[in-house]
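Colleague: A structural model of the following input is requested.
(chains A and B)
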Amino acid sequence: GNSVTQMEGPVTLSEEAFLTINCTYTATGYPSLFWYVQYPGEGLQLLLKATKADDKGSNKGFEATYRKETTSFHLEKGSVQVSDSAVYFCALSDRSTDKLIFGTGTRLQVFP
Amino acid sequence: EAQVTQNPRYLITVTGKKLTVTCSQNMNHEYMSWYRQDPGLGLRQIYYSMNVEVTDKGDVPEGYKVSRKEKRNFPLILESPSPNQTSLYFCASSPQRTFGTQYFGPGTRLTVL
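Modeller: Okay, the predicted model is just below:
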């Protein structure tokens, strides 16, 4: 079945460091891919998305490119801030079952 | 303000005592869904609804019920809660057929003793 695999956390970085959070997926067909972010004590918010191969989603300095050949959607940011500390979820939409399938989440901690 | 609201935000209860967690959205969305979030497991879908009076099971529906009598409301019912239902619960909504782009409520932390 369809699934999403994310790197284990926590990821701990100093402010202004480069961030990569790996995400790979298994899916039949052509899913859309998403990154959601969960700040402490809050619900999830959509961070960015890509709907087809080679699309790049971007928002708030974060980017991710839909790579069909490697079935990946890695999240990157060139210079993280303390305010980026949160849990990041990779997800795919399964059109055949009307579901959004999430990875297990990766906690990012950014220190000054 | 466009939002999804959940009540209560925190609840401690005992095994077997029926409870309802309410969810309401003011965006006129057709699609609504309930998830539970557990450490190491991410978010798992409990139930979802494509529109009024249309509901279907997600991945972990056992022990839960839902109803969708009005478009804006999608309550989650635990008829006889058990300790393994202790979790963080999220309601979400989205416009029809764009269910990947979901709007989440703030969460309800439930503890069943």
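Colleague: use CA for all of it now, contacts and neighbours both
Modeller: Noted.
Colleague: Quick one: residues contacting residue 18.
Modeller: All of this refers to chain A. A:F18 is in contact with A:76-80, counting by C-alpha atoms under 8 Å, 6 or more residues apart in numbering or on different chains.
Colleague: Sorry, I should have been clearer: chain B.
Modeller: Applying C-alpha under 8 Å, 6+ apart, the residues near B:K18 are B:77-81.
Colleague: which of those has the most neighbours?
Modeller: Neighbour counts for the contacts of B:K18 (other C-alpha atoms under 10 Å in any protein chain shown) peak at B:P81, which has 21 neighbours.
Colleague: That one belongs to a strand?
Modeller: No - using DSSP: H, G, I helix; E, B strand; the rest coil, the assignment for B:P81 is coil, not a strand.
Colleague: Wait, it touches B:E62, no?
Modeller: No - in this structure, B:P81 is not within contact of B:E62 by C-alpha atoms under 8 Å, at 10.8 Å.
Colleague: Now the residue in chain B positioned nearest to chain A: closest residue in space, sequence neighbours ignored.
Modeller: When scored by C-alpha to the nearest C-alpha, chain B has B:G42 as its residue closest to chain A, at 3.8 Å. Ranked by C-alpha to C-alpha, 6 or more residues apart in numbering or on different chains and with sequence neighbours excluded, the top spatial neighbour of B:G42 is A:T104, at 3.8 Å.
Colleague: you'd agree the one you found is up against B:R44?
Modeller: No - using C-alpha under 8 Å as the test, A:T104 is too far from B:R44 to be in contact (9.5 Å).
Colleague: who's more crowded, the two?
Modeller: Neighbours were counted for A:T104 and for B:R44 using other C-alpha under 10 Å; A:T104 has more, 25 against 22.
Colleague: For that one, report the pLDDT, please.
Modeller: A:T104 is assigned 93 on the pLDDT scale.
Colleague: remind me, longest strand of chain B?
Modeller: Identified as the longest strand of chain B according to DSSP state E is strand B:42-51.
Colleague: So what sits opposite A:T26 in the bridge?
Modeller: A:T26 has these beta-bridge partners by DSSP bridges: A:S3.
Colleague: My error: substitute A:S58 in the last question.
Modeller: In beta-bridge terms (that is, DSSP bridges), A:S58 pairs with A:E63.
Colleague: Chain neighbours aside, what residue packs nearest to the residue positioned nearest the centre of chain B?
Modeller: By C-alpha atoms, centre = their mean, the mean C-alpha position of chain B lies nearest to B:W34, the distance being 3.0 Å. Distances taken as C-alpha to C-alpha, 6+ apart put B:C91 closest to B:W34, at 4.6 Å, once the chain neighbours are dropped.
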